[in-house]
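1. Next comes the sequence, and after it the predicted model I'd like to discuss.
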Amino acid sequence: PYTATTLKKMTSSSSSTPSSTAMTPPNAKRDESLHILAGKLPPDHPDVSKLLRQKSSSSSPLLDPPIPVPDPYGWLRDESRTNVEVLEHLNAENEYTDGMTTHLSSVRND
């Protein structure tokens, strides 16, 4: 719950135009050639690790044969957290968010 003072600060902060409004958000590239497979793959299939599974509670059978599902932002998936391109994009998104929300610093719980 916000106090009246906090709400007043938020209202007055949001009514003034922050200097960050001129910022341009980062634009993630789309790679239309990327896909993941949805469905039932044999255990020895080379793409078995890319299988998209449905919820374990689903009563629907897996697709057999599997079908490719477009995944244009799949390049952002980096479990090792070492891909420089992914890290640069995420840092740019964080900088943009910080810049666009600096006017909220007085009400943040860091």
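-> Everything's here; your move.

2. so how far is Thr97 from Asn83?
-> 20 Å (Cβ to Cβ, to the nearest Å). Just so you know, the C-beta spots here come from the backbone N, C-alpha and C atoms, and that holds for glycine as well.

3. repeat for Lys29
-> 19 Å.

4. which of the two has more neighbours?
-> Using other Cβ atoms under 10 Å, the more surrounded residue of Lys29 and Thr97 is Thr97, with 14 against 10.

5. Quick one: list the elements packing against the helix or strand harbouring the more buried one.
-> Using DSSP states H and E, Thr97 falls within helix 84-100. The helices and strands touching helix 84-100, judged by 3 or more Cβ pairs under 8 Å, 6 or more residues apart in numbering; DSSP states H and E, number zero.

6. ok now it, how far from the chain's centre?
-> Relative to its chain's centre, helix 84-100 lies at 11 Å (Cα atoms, centre = their mean, to the nearest Å).

7. mind exporting that helix as CSV, just the C-alpha atoms?
-> Output of helix 84-100 as CSV, limited to C-alpha atoms (Å, rounded to 0.1, in the frame of the first residue of the first chain):
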residue,chain,number,x,y,z
VAL,A,84,28.4,-12.1,-26.1
GLU,A,85,25.7,-11.1,-28.5
VAL,A,86,23.0,-12.2,-26.1
LEU,A,87,24.7,-10.5,-23.1
GLU,A,88,25.1,-7.2,-25.0
HIS,A,89,21.4,-7.2,-26.0
LEU,A,90,20.3,-8.0,-22.4
ASN,A,91,22.5,-5.2,-21.1
ALA,A,92,21.1,-2.8,-23.6
GLU,A,93,17.5,-3.8,-22.5
ASN,A,94,18.5,-3.2,-18.8
GLU,A,95,20.0,0.2,-19.6
TYR,A,96,16.9,1.2,-21.5
THR,A,97,14.7,0.1,-18.7
ASP,A,98,16.8,1.9,-16.1
GLY,A,99,16.7,5.1,-18.2
MET,A,100,13.0,4.9,-18.7
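
8. buried sites along that helix?
-> Residues of helix 84-100 classed as buried: Val86, His89, Leu90 (neighbour count, 16 or more other Cβ atoms under 10 Å).

9. How about stretch 69-89?
-> Asp71, Trp75, Val86, His89.
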